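Participant: A predicted structure for the sequence below; I have some questions about it.
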There are 2 protein chains.
Amino acid sequence: MPKSIVNCSIAKSLAIIGERWSLLIVREAVMGSTRFDEFQARLGIARNILNARLVSLVKDGILEKQVSPDNARVFHYRLTEKGRELLPVLVSIMQWGDRWVQKDIGAPIILRDRKSGAGIKTLGLSTRQGKAMTFDDVIIIAGPGATPTMRRRLARSGADTP
Amino acid sequence: MPKSIVNCSIAKSLAIIGERWSLLIVREAVMGSTRFDEFQARLGIARNILNARLVSLVKDGILEKQVSPDNARVFHYRLTEKGRELLPVLVSIMQWGDRWVQKDIGAPIILRDRKSGAGIKTLGLSTRQGKAMTFDDVIIIAGPGATPTMRRRLARSGADTP
């Protein structure tokens, strides 16, 4: 990762999940796949690539590899808490795709609340108090983990970009 | 894209934004960069790769290339509405990274509401009525754009995975 962006949560996250197959494997896990052959058949991914990605996702703590209670030669890959917390990332990408990429054919899948059957709200920014925010409402300031370079940059830009 | 996942808004979106540099370029645009040299210096990306990504992002309707009003040889790349609507994707990735990747050093940048200065709520799933949902509250059903294969799969899984 270039040094200029090493201090960015987005860049560091994308170093883990930015490879396209990684998020598609997480999507498959959300949809209930746990075994190598399930991921392989449903994603149509080459076995060696799938194996490499699963090893990475386990190493990065997104999936756990567990021996099947029924058969010691069968393994299940299950989302960890860190992996489950990628759900808003997947849903925000899905909602963007439903709106901008699939708009002519309609959403392929729909998420609902298990108990009430209610639909899911489109993810959008809001203040902690619940006020909806537009793109232009957002300002960016240096956080506790900002490097001196990032602090200078945000100060130069008046700390109110965008 | 393998045929098995061609009907997925996530897969189709990742075909557009799944290359790691693409989202980092969008992040730079959100932070106010508009000129080639700004993107280049701030991302530390090779000029030929940056050029190819900018061409793709313009072609995919995420950035617009505009001639500078001051200098006909200078171009500005600005986010379109389609590009601006990637903000929840970037913010969900940033929040996940702040929590799971940067947790020891703190968030590098913080987003706030321009008018009130209020902090931004962590993006999470909720029903249209505003009830917060956990991972286990989510069920997946076939939408209007589902292929026969996807419909069969969701029916087989009892339409209630995860």
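Facilitator: Right, received. Where do you want to start? Numbers count the residues shown, from 1 in each chain, chains lettered A, B, ... in the order given.
Participant: quickly list what the closest residue to residue A:120 other than its chain neighbours is bridged to.
Facilitator: Excluding the flanking residues, the one nearest residue A:120 by Cβ to Cβ, 6 or more residues apart in numbering or on different chains is residue A:111, at 4.7 Å. No exception for glycine: its C-beta is placed from N, CA and C like everyone else's. Judged by DSSP bridges, the bridge partners of residue A:111 are residue B:140.
Participant: need the contact list for the closest residue to residue A:68 other than its chain neighbours.
Facilitator: Nearest non-adjacent residue to residue A:68, counting by Cβ to Cβ, 6+ apart: residue A:74, 3.9 Å away. Counting by Cβ atoms under 8 Å, 6 or more residues apart in numbering or on different chains, residue A:74 touches A:35, A:67, A:68.
Participant: test my guess that the last one contacts residue A:75.
Facilitator: In this case it means residue A:68. Yes: assessed by Cβ atoms under 8 Å, residue A:68 is found in contact with residue A:75 at 6.7 Å.
Participant: could you say what helices and strands the helix or strand harbouring residue A:38 packs with?
Facilitator: Using DSSP states H and E, residue A:38 maps to helix A:36-43. Counting contacts by 3 or more Cβ pairs under 8 Å, 6 or more residues apart in numbering or on different chains; DSSP states H and E, helix A:36-43 packs against helix A:20-30, helix A:47-59, strand A:75-79.
Participant: got those as JSON lines, with mean neighbour count and mean pLDDT columns?
Facilitator: Shown next, in JSON lines, are the helices and strands packed on helix A:36-43 (neighbours: other Cβ atoms under 10 Å in any protein chain shown; pLDDT from 0 to 100):
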{"stretch": "helix A:20-30", "mean neighbour count": "22", "mean pLDDT": "92"}
{"stretch": "helix A:47-59", "mean neighbour count": "15", "mean pLDDT": "96"}
{"stretch": "strand A:75-79", "mean neighbour count": "17", "mean pLDDT": "97"}
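Participant: of the ones you listed, which is nearest chain B?
Facilitator: Chain B lies closest, by Cβ to the nearest Cβ, to one member of those: helix A:20-30, at 3.9 Å.
Participant: next, the angle from that closest one to helix A:47-59.
Facilitator: 70 degrees (axes from the mean of the first three to the mean of the last three Cα atoms, to 10 degrees).
Participant: what does helix A:20-30 contact?
Facilitator: Residues outside helix A:20-30 that contact it (Cβ under 8 Å, 6+ apart) are A:16-17, A:38-39, A:42-43, A:45, A:49-50, A:53-54, A:56-57, A:62-63, A:77-79, A:83, A:86-87, A:89-90, A:93, B:5, B:8, B:10-11, B:14-15, B:18-19, B:162.
Participant: nothing else from me, thank you.
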